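K.L.:
coordinates for the following, if possible.
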Amino acid sequence: MQQRFHAWLADRADETILRWIFRSVVMVTIAVLAVNLATVQGWIANPGPAATPAEIELGSPAPTLPSLPSVLAPWLPGGDKRLMPLPQPDGAMAKPMTFELVSGGKLMATGTITPGSSENFAAEVGRHSEYIKTVVLNSPGGSVTDALAMGQLIRESKFATEVESGKYCVSSCPLVFAGGVERRAGDGAEIGVHQVAAIHSAANGPPRDEMSVAQNISARCQRYLGDMGVSLQVWVHAMETPHDRLFVFKPDELKSLNMVTASPAPVAGPATGKPRS
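P.N.:
Numbers count the residues shown, from 1 in each chain. Predicted structure coming up:
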């Protein structure tokens, strides 16, 4: 075999040998990329240790190779060219949600909805419920569980919700927004949705079916939106939109889907009501 191999090399020019080596490298590279993509998409089992979903959220996924459907979705037959990339929050928007009571009975809720945000919100409502009239949202979303709890408390407290002009409420934030007995959006306000995403935890724990978890949270969201009087078409748009994209509703859609139920409130004048406690 060795003699035949040397004879084969002697009969071929250097250029031919280099071309053969280059083609071999390209083929190996393509095979490795194909295996990586199949692993990311779940087409083949990942040999690594099983991870347990620690939280279900509607938020930006960890940086990975983009899934093929996510990249091509706007151009596929029936795809919606209105899909846009997720906003990249920075500053206060990238930090856990904070709450500030301002004049006009407005509770400003700003930032990312993290696990525990619903508890902080409940504490704020407990301190200032008699003064709060409207919860004003500006958030890139986050924890679905906390968003549902916040929206439910808003409805029980009979608060209105609002997204002011030039601000945005996306991902899981519209679940909070849906809790308002009245829901207002200013000119240029962006309200958008996308699919749920499982956030993995490296902590050891019993294996769970991630698809089952996602379907369960999806059912909870649908039931919740129905209870809030919002058209379930909102959730259809969410489930059709890859989790690294965003479906932003047009103003007329917000009204037709009953996401927005009232005109934006007039700008409040100087505070004349009760002082903050």
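K.L.:
is it true that R155 touches F177?
P.N.:
No - counting by Cβ atoms under 8 Å, R155 stays clear of F177, with 11.3 Å between them. Where C-beta positions appear, they are placed from N, C-alpha and C, glycine not excepted.
K.L.:
now do the same contact list for M239.
P.N.:
Listed by Cβ atoms under 8 Å, 6 or more residues apart in numbering, the contact set of M239 reads Q195, S218.
K.L.:
confirm that F99 sits in a strand.
P.N.:
Yes - applying DSSP: H, G, I helix; E, B strand; the rest coil, one finds F99 inside a strand.
K.L.:
not counting its neighbours along the chain, what's nearest it?
P.N.:
Nearest residue to F99, sequence neighbours excluded (Cβ to Cβ, 6 or more residues apart in numbering): E124, at 4.5 Å.
K.L.:
do D146 as well
P.N.:
By the measure of Cβ to Cβ, 6+ apart, the closest residue to D146 outside its immediate chain neighbours is S118, 4.0 Å from it.
K.L.:
what helix or strand is the one you found on?
P.N.:
Under the criterion of DSSP states H and E, S118 resides in helix 117-128.
K.L.:
hey, C-alpha coordinates of stretch 228-236 in PDB?
P.N.:
Provided in PDB are the C-alpha atoms of stretch 228-236 (Å, rounded to 0.1, in the frame of the first residue of the first chain):
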ATOM      1  CA  MET A 228     -58.300  39.600  30.100                       C
ATOM      2  CA  GLY A 229     -60.500  40.000  27.100                       C
ATOM      3  CA  VAL A 230     -57.700  40.100  24.600                       C
ATOM      4  CA  SER A 231     -58.000  38.300  21.200                       C
ATOM      5  CA  LEU A 232     -56.100  35.000  21.100                       C
ATOM      6  CA  GLN A 233     -54.800  36.100  17.700                       C
ATOM      7  CA  VAL A 234     -52.200  38.000  19.700                       C
ATOM      8  CA  TRP A 235     -50.800  34.600  20.900                       C
ATOM      9  CA  VAL A 236     -51.000  33.200  17.400                       C
END
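K.L.:
quick one: mean pLDDT for that stretch?
P.N.:
The average pLDDT for stretch 228-236 rounds to 96.
K.L.:
same check, this time on stretch 106-116
P.N.:
For stretch 106-116, the mean confidence score works out to 97.
K.L.:
cool, stretch 133-141 as well?
P.N.:
For stretch 133-141, the mean per-residue pLDDT is 97.
K.L.:
just the helices in the stretch 101-250 of the chain please.
P.N.:
Taking DSSP state H, counting those that start in this stretch to define them, one finds helices in the stretch 101-250 of the chain at 117-128, 144-157, 173-177, 210-227, 233-240.
K.L.:
and those as TSV, adding distance to A34?
P.N.:
As requested, the helices of the stretch 101-250 of the chain are exported to TSV (distance: least, Cβ to Cβ, whole Å):
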stretch	distance to A34
helix 117-128	40
helix 144-157	33
helix 173-177	37
helix 210-227	23
helix 233-240	27
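K.L.:
tally of neighbours for the closest residue in space to S171 that isn't next to it in sequence?
P.N.:
Nearest residue to S171 in three dimensions, chain neighbours excluded: G141, at 2.4 Å (Cβ to Cβ, 6+ apart). By the criterion of other Cβ atoms under 10 Å, G141 has 28 neighbours.
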